[in-house]
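Chemist: Quick one, what's the 3D model for this:
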Amino acid sequence: MKFAIVGAGAIAQLRKMALDRVPGARFAGVHDLDPARARALAGGGTVFESLEALVASEAEAVIISTPPDTHEAIAAAALQAGKHVT
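Modeler: Here you go, the predicted structure:
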């Protein structure tokens, strides 16, 4: 399953490291309001410039790693695009 991450802070780093060890999990990219932080987490992979670009991507699942007060809007956008959300 291809997964994308919204947010590139400490919890996102831990989640990406864990998923990198899961057979069949493939990193589709990351979006963060801080492009430098997103690039660091992506490690040469895809950095989405917007949430809209992320949910329009081939990612099948979206992992929300942002402050709790942002979860509802991000989850709604991802679900409307047919993504699994965690």
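Chemist: low pLDDT regions in the protein?
Modeler: The chain contains no residues with pLDDT under 70.
Chemist: That one: strands as residue ranges?
Modeler: For the chain, applying DSSP state E gives strands covering 2-6, 26-31, 61-64, 84-85.
Chemist: how about the first one: buried residues?
Modeler: For strand 2-6, the buried set under the neighbour-count rule, 16 or more other C-beta atoms under 10 Å, comprises 3, 4, 5, 6. The C-beta positions use only the backbone N, C-alpha and C, and glycine is treated the same way.
Chemist: Likewise for the third one?
Modeler: The neighbour-count criterion (16+ other C-beta under 10 Å) identifies 61, 62, 63, 64 as the buried residues of strand 61-64.
Chemist: The closest residue to residue 46 other than its chain neighbours: what's it in contact with?
Modeler: Nearest non-adjacent residue to residue 46, counting by C-beta to C-beta, 6 or more residues apart in numbering: residue 29, 3.1 Å away. Applying C-beta atoms under 8 Å, 6 or more residues apart in numbering to residue 29 gives the contacts 4, 5, 42, 45, 46, 47, 48, 54, 57, 59.
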